[in-house]
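[1] Got a sequence here, can you model it:
(chains A and B)
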Amino acid sequence: MIKILNGRFLRQCILCSGAVLWMGGGSLQAEEFLSEEDLFEDDPAEVVIVKDPIEPLNRAIFQINDRIYTYLVDPVAELYQRFTPALVRTGILNFFDNLKYPVRLSGNLLQGRFADASLESERFLLNTTVGLFGILNPAETLGRYEALSKEDVGQALARWGLPRGPYLVLPIWGPSTVRDFCGLMGDRAINPTQGPFSAIDHWDWQQQAALSGVEVIARFGDRYQKMKAAQIDAYSAFKLGYIQYREAAIRE
Amino acid sequence: MRFLTPLIVVLCSTCQLLIAEENPVPRLEQTMNAALDIIFLPEHADKSQDVRADLVSATVEEQFDLGVLIRRTFGRNWQQIDEANQARVSEQVKQLLVFAFVEGMVGKSRPVITFGAPEFLSSKRIEVESKIILDEQIYQLTYRFGRLESGWQIYDILAEGISMVANYRQQIDDHFRNNNAHSLMEKLDALLND
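    Residues are numbered from 1 along each chain as shown, chains lettered A, B, ... in the order given. A predicted model of the protein is given here:
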């Protein structure tokens, strides 16, 4: 007996007790876990209420837009993608994105984000000069501009306290709200490529807008179709998705 | 008896890790890499999209309980589905989500994903930011984890600020305003067979 107590057996026992105590120290009490109620009840912070008083009309426009995207715009974009090298397409996207500088600048200035407005101007100058009129995007290689978010007039209106207003589906354009529609009109007034409302230039906007539109759709149309395929109710999904996306952009 | 010491140490270390895992990011990263391997590695290239989706589903479920995420998308509507059909609906939604993930990667180059450090929202909830570079585009994806008895489980995923749970819950709410569970199952079947 004494031999046993003095020997390896005692060491094993001490080790086991230590291990059990160690485990006990790391374990958590039941109240430190999320309860069923925490997890599965509606969390008021997660509930987004979207006013949609003209839902039948919005749904009808959504259906028409969907058919236009699927049967008209997508095939054109697909052809364009097939016959235009990726490098050229990236250059076109960069060029039009660079030209939207007045929109981003105004969005920042109207929200009092002067540091971001200054960075936007720096980026525009860099891309316009070194980047050959914005075709290249040398600013992208510098981490300095990474955190810049794309501001617009709609976001500024939200910052000023203008309520979101009812949800709207605009023909061709897609999801919006009354506030964002007002912002969109402001954006168009200061976007040089988006006539006939553009107040800052009167160039051949139709072709530019068409090319810019086809490029954007070529890039994002595929994503739209894939997103739509995974939704139980695509109208509801895009409605809430749009509202959440805009709210996140405003909070940034 | 000699083998007992290392065995006890190994067992206890494993239990300790399981009980008090403080950072689920390595597990998430490993799961995402394994899922992307199934989609992009040449050894899986001959498999159909359905098979790859099943493999991805199994890989993810080895590490995370997708039931938590799916059950949350239903919110209060879960009670409108009888118990016999809850498992079926849950499976349908899981298949839809996994298939959408696999389908979303088709024709693309393998994305580069970087994960940030976990940020504690409370002692029971954490948030992990990730950045995905897919076809020259950068996307922000946020994972929200809750501490459950089974370990840290994903309870929501936000893509560019859009909550997956809130989005599906809105769709399911809209569905149940005018329809019932049976038509939801039919709709999900139709989506999966499309």
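[2] Show the pLDDT at the residue of the stretch 151-252 of chain A at minimum distance from chain B.
    Nearest residue of the stretch 151-252 of chain A to chain B (C-beta to the nearest C-beta) works out as A:A248 at 2.4 Å. Where C-beta positions appear, they are placed from N, C-alpha and C, glycine not excepted. If you check A:A248, the pLDDT there is 89.
[3] who touches the host helix or strand of it?
    Secondary-structure element containing A:A248, defined by DSSP states H and E: helix A:234-251. Counting by C-beta atoms under 8 Å, 6 or more residues apart in numbering or on different chains, the neighbours of helix A:234-251 from elsewhere in the structure are A:48, A:50, A:52, A:58-59, A:62, A:66, A:149-150, A:154-155, A:158-159, A:164, A:167, A:174-177, A:180, A:227-228, A:231, B:160-163, B:166-168, B:170-171, B:174.
[4] Can you say which of the residues you listed are buried?
    Among the contacts of helix A:234-251, those that count as buried by neighbour count (16 or more other C-beta atoms under 10 Å in any protein chain shown) are A:50, A:52, A:58-59, A:62, A:66, A:154-155, A:158, A:164, A:167, A:174-177, A:180, A:227, A:231, B:161-163, B:166-168, B:170-171, B:174.
[5] Where do the helices of the chain begin and end?
    You didn't say which chain, so I picked chain A. A:2-6, A:8-26, A:36-40, A:55-68, A:74-83, A:86-99, A:101-110, A:114-129, A:153-159, A:178-189, A:205-229, A:234-251 (DSSP state H).
[6] wrong one, chain B
    Ranges of helices in chain B, per DSSP H, are B:4-19, B:25-40, B:49-63, B:66-74, B:83-105, B:164-178, B:181-193.
[7] what's in contact with the shortest one?
    Which is helix B:66-74. Where contact means C-beta under 8 Å, 6+ apart, the residues beyond helix B:66-74 that reach it are A:39-40, B:57, B:60, B:78, B:81, B:89-90, B:93-94, B:97, B:146, B:148, B:153-157, B:164-165, B:168-169, B:172.
[8] before we move on, the earlier item: using TSV, lay out the helices of chain B together with mean pLDDT and distance to B:K131.
    As requested, the helices of chain B are exported to TSV (pLDDT from 0 to 100; distance: least, C-beta to C-beta, whole Å):
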stretch	mean pLDDT	distance to B:K131
helix B:4-19	51	27
helix B:25-40	95	12
helix B:49-63	93	20
helix B:66-74	92	21
helix B:83-105	91	17
helix B:164-178	91	18
helix B:181-193	93	30
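[9] State the distance spanning the first to the last residue of stretch B:36-54.
    Taking C-alpha to C-alpha, to the nearest Å, stretch B:36-54 runs 13 Å from one end to the other.
[10] Burial check on the nearest residue to A:G174 once chain neighbours are set aside, number of neighbours?
    The shortest distance from A:G174 to any residue that is not its chain neighbour, by C-beta to C-beta, 6 or more residues apart in numbering or on different chains, is 5.9 Å, and that residue is A:N65. Taking other C-beta atoms under 10 Å in any protein chain shown as the criterion, the count of residues near A:N65 is 19.
[11] Next one: A:N65 from chain B, what distance?
    When distance is defined by C-beta to the nearest C-beta, to the nearest Å, A:N65 is 18 Å away from chain B.
[12] State the pLDDT value of that residue.
    At A:N65, the pLDDT value in this model is 94.
[13] just A:T128 next, same as before
    Looking at A:T128, its pLDDT is 90.
[14] Minimum distance to chain A, which residue of chain B gives it?
    For chain B, C-beta to the nearest C-beta, closest residue to chain A: B:G161, 2.4 Å.
[15] Based on its surroundings, how many neighbours for residue 115?
    No chain specified, so I'll use chain A. A:A115 has 9 neighbours, counted by other C-beta under 10 Å.
[16] my question was about chain B
    Using other C-beta under 10 Å, B:F115 has 16 other residues around it.
[17] same check, this time on A:A230
    Neighbourhood size, A:A230 [other C-beta under 10 Å]: 18.
[18] Name the strands paired with the strand of greatest length in chain B and say parallel or antiparallel.
    If you go by DSSP state E, chain B has its longest strand at strand B:137-148. Strand B:137-148 has the following sheet partners, assigned by DSSP bridges: strand B:125-134 (antiparallel), strand B:151-159 (antiparallel).
[19] circling back: make JSON lines from the helices of chain A and add distance to B:I138 to it.
    Converted to JSON lines, the helices of chain A look like this (distance: least, C-beta to C-beta, whole Å):
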{"stretch": "helix A:2-6", "distance to B:I138": "66"}
{"stretch": "helix A:8-26", "distance to B:I138": "38"}
{"stretch": "helix A:36-40", "distance to B:I138": "31"}
{"stretch": "helix A:55-68", "distance to B:I138": "27"}
{"stretch": "helix A:74-83", "distance to B:I138": "21"}
{"stretch": "helix A:86-99", "distance to B:I138": "14"}
{"stretch": "helix A:101-110", "distance to B:I138": "17"}
{"stretch": "helix A:114-129", "distance to B:I138": "16"}
{"stretch": "helix A:153-159", "distance to B:I138": "20"}
{"stretch": "helix A:178-189", "distance to B:I138": "23"}
{"stretch": "helix A:205-229", "distance to B:I138": "13"}
{"stretch": "helix A:234-251", "distance to B:I138": "15"}
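[20] All set, thanks.
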